[in-house]
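Asks: just coords:
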């Protein structure tokens, strides 16, 4: 059976699951809800009801959202032909877990404590195995090329106490791994999507580094290789104001979206708009797959859509807990 | 009601008591002046602290709003992980000033620079803004801490001085005055008694 045929069944299941997405009216009702309890009640009328019933406290909504996301990953994992496709979206959680464990090692070395409570079960690699391997220093068993990277990170930290450098190495590895897996999957659209994400992440990082007054040479090490935009060209923009980035990035796929961001607003506003644009753009990139009944990128589109939905719900619930501004919330919602 | 002190009613005690009464009255005046000055200074500082606290609370609310924005956009564990290894070195130097015998702290906060010390890959951009806002607010928070500590120390000192003034005004001075009066009366009585005894003796001597 060809790869395209193998994904026919998975896409059909995905189409059925897509009906469970929250529509804009539900999100709107949640935004307009008086308090957290009312918002959760509205959420209880949707596909999130099973996740909600398993969590008692209203303040526990983060656990509930994690549970929902995990259930979705498990369900999709059960019927897709190649689980590696799923890993493209789960590596961020795996690397988060690795960061928690490695920072716990640093904390213990400086008299602090381990914070395993920050670990998440959303990753593709079992958390218990990861803890065991890092705690017992059995690095050779670690996946994702971490067998060499973790000792390197520990060595860097012992010599310079430079956590930023450790995080940079781990982030670089994460994006390199995503690209490797996308390449191995032999799905050109998935590879294309990952390259777009790398470019998007590079642009986002560049804007943040510009704020921290990094020069081009230093910023270059923070750029992830494998995107479509040359990182050398990208870092040269760091000395220019954001307004002129539009002109320089006009030829790229981000050109139109970047142009829509007002360069005169404050950085806080600008980064929020950029992150929203990027999140929406990654979904738009996969939109054409909807017209195919067996395109594997439908899986990616569904999972990314779900991630954004959970993000939207989290934003609304956090705003309800803290009395956040409704208008600002509406502007930040992804894919609505 | 004033109480007579338990002392021997003799001239030496009377003289001692009169001297201590003069010292007590002078001390009372000085303490009263100190109390008035402290209250005046306290009110000025309390108003400043109140204003400063209001300003800071407003700014703090903005900081927390920024932080909430970051927290809303990612898993809470991811946000906590990002801030797990804070490598920033924040120092505050303290010197003490003496305001009317109250030790008031003065904090000097060397200029802090925003240093990136967390990964960009798994952290939201709004976190940068929230952390910078907190860092900008930090000198003001330290200033508020110093001012509030000064106000608190002054309030304690006012309370202490007020007790001393009251003790002098309502206990020590009236008791001393009463004791002086009592001793003086007793001494006068003894003098009169001696005089009359002498007169009786003189009459007896004359009769013989």
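Replies: Right, received. Where do you want to start? No experiment lies behind these values; they were computed from the predicted model shown.

Asks: quick check: closest non-adjacent residue to the residue in chain A that chain B sits nearest to.
Replies: For chain A and chain B, the shortest gap (CB to the nearest CB) falls at residue A:167, measuring 2.9 Å. All C-beta atoms are positioned from the backbone trio N, CA, C, and that covers glycine. Distance criterion CB to CB, 6 or more residues apart in numbering or on different chains; nearest residue to residue A:167, sequence neighbours excluded, is residue B:119 at 2.9 Å.

Asks: in what helix or strand does that neighbour lie?
Replies: Using DSSP states H and E, residue B:119 sits within no helix or strand.

Asks: quick one, phi/psi of it?
Replies: Dihedral pair for residue B:119: phi -70, psi 150, per degrees, to the nearest 10.

Asks: one more: residue A:22?
Replies: The phi/psi pair for residue A:22 (degrees, to the nearest 10) is phi -70, psi 130.

Asks: count of neighbours near it?
Replies: Residue A:22 has 18 neighbours, counted by other CB atoms under 10 Å in any protein chain shown.

Asks: and what of residue A:12?
Replies: Residue A:12, neighbours per other CB under 10 Å, totals 14.

Asks: which helices and strands does the helix or strand hosting it pack with?
Replies: Using DSSP H and E, residue A:12 maps to helix A:3-18. Contacts defined by 3 or more CB pairs under 8 Å, 6 or more residues apart in numbering or on different chains; DSSP states H and E place helix A:3-18 against helix A:61-79, helix A:297-322.

Asks: gap between the longest one and the chain center?
Replies: So that's helix A:297-322. The chain centre lies 11 Å from the centre of helix A:297-322; the measure is CA atoms, centre = their mean, to the nearest Å.

Asks: give the buried residues for it.
Replies: Under the neighbour-count criterion of 16 or more other CB atoms under 10 Å in any protein chain shown, helix A:297-322 has A:297-321 buried.

Asks: one more: stretch A:26-42?
Replies: A:26, A:27, A:29, A:30, A:31, A:33, A:36, A:39, A:40, A:42.

Asks: residue A:316 versus the fourth one, what's the distance?
Replies: With the distance defined as CB to CB, to the nearest Å, residue A:30 ends up 5 Å from residue A:316.

Asks: with the last one instead?
Replies: As defined by CB to CB, residue A:42 lies at a distance of 10 Å from residue A:316.

Asks: what residues are up against the spatially most central residue of chain A?
Replies: Nearest to the mean C-alpha position of chain A, counting by CA atoms, centre = their mean, stands residue A:92 at 6.0 Å. Contacts for residue A:92 (CB atoms under 8 Å, 6 or more residues apart in numbering or on different chains) come out as A:174, B:121, B:122.

Asks: how about the residues of chain B that lie near chain A?
Replies: Residues of chain B lying near chain A by CB under 8 Å from any CB of the partner chain: B:64-66, B:68-69, B:71-73, B:75-78, B:80-81, B:84-85, B:87, B:114-122, B:124-126, B:128-129.

Asks: filter those to the buried ones?
Replies: B:65-66, B:68-69, B:71-73, B:75-78, B:81, B:84-85, B:116-122, B:124-126, B:128-129.

Asks: in helices, which of those appear?
Replies: B:65-66, B:68-69, B:71-72, B:76-78, B:81, B:126, B:128-129 (DSSP state H).

Asks: identify the residues contacting the residue in chain B that chain A sits nearest to.
Replies: Nearest to chain A in chain B, going by CB to the nearest CB, is residue B:119, at a distance of 2.9 Å. Applying CB under 8 Å, 6+ apart, we find residue B:119 in contact with A:99, A:164, A:167, A:168, A:170, A:171, B:82.

Asks: residue contacts, residue A:82?
Replies: Contacts of residue A:82 by CB under 8 Å, 6+ apart are A:185, A:296.

Asks: in a strand, it, correct?
Replies: No - counting by DSSP: H, G, I helix; E, B strand; the rest coil, residue A:82 is not part of a strand but coil.

Asks: flag every buried residue along stretch B:195-204.
Replies: Within stretch B:195-204, judged by 16+ other CB under 10 Å, no residue is buried.

Asks: how about stretch B:123-141?
Replies: Of the residues in stretch B:123-141, B:123-135, B:137, B:139 count as buried by neighbour count, 16+ other CB under 10 Å.

Asks: which two among those residues are spaced furthest apart?
Replies: Greatest spatial distance among these (CB to CB): B:124 and B:139, at 25.9 Å.

Asks: packing partners for the helix or strand containing residue B:60?
Replies: Here residue B:60 is covered by helix B:11-72, with elements defined by DSSP H and E. Judged by 3+ CB pairs under 8 Å, 6+ apart, the packing partners of helix B:11-72 are helix A:297-322, helix B:126-166, helix B:173-207.
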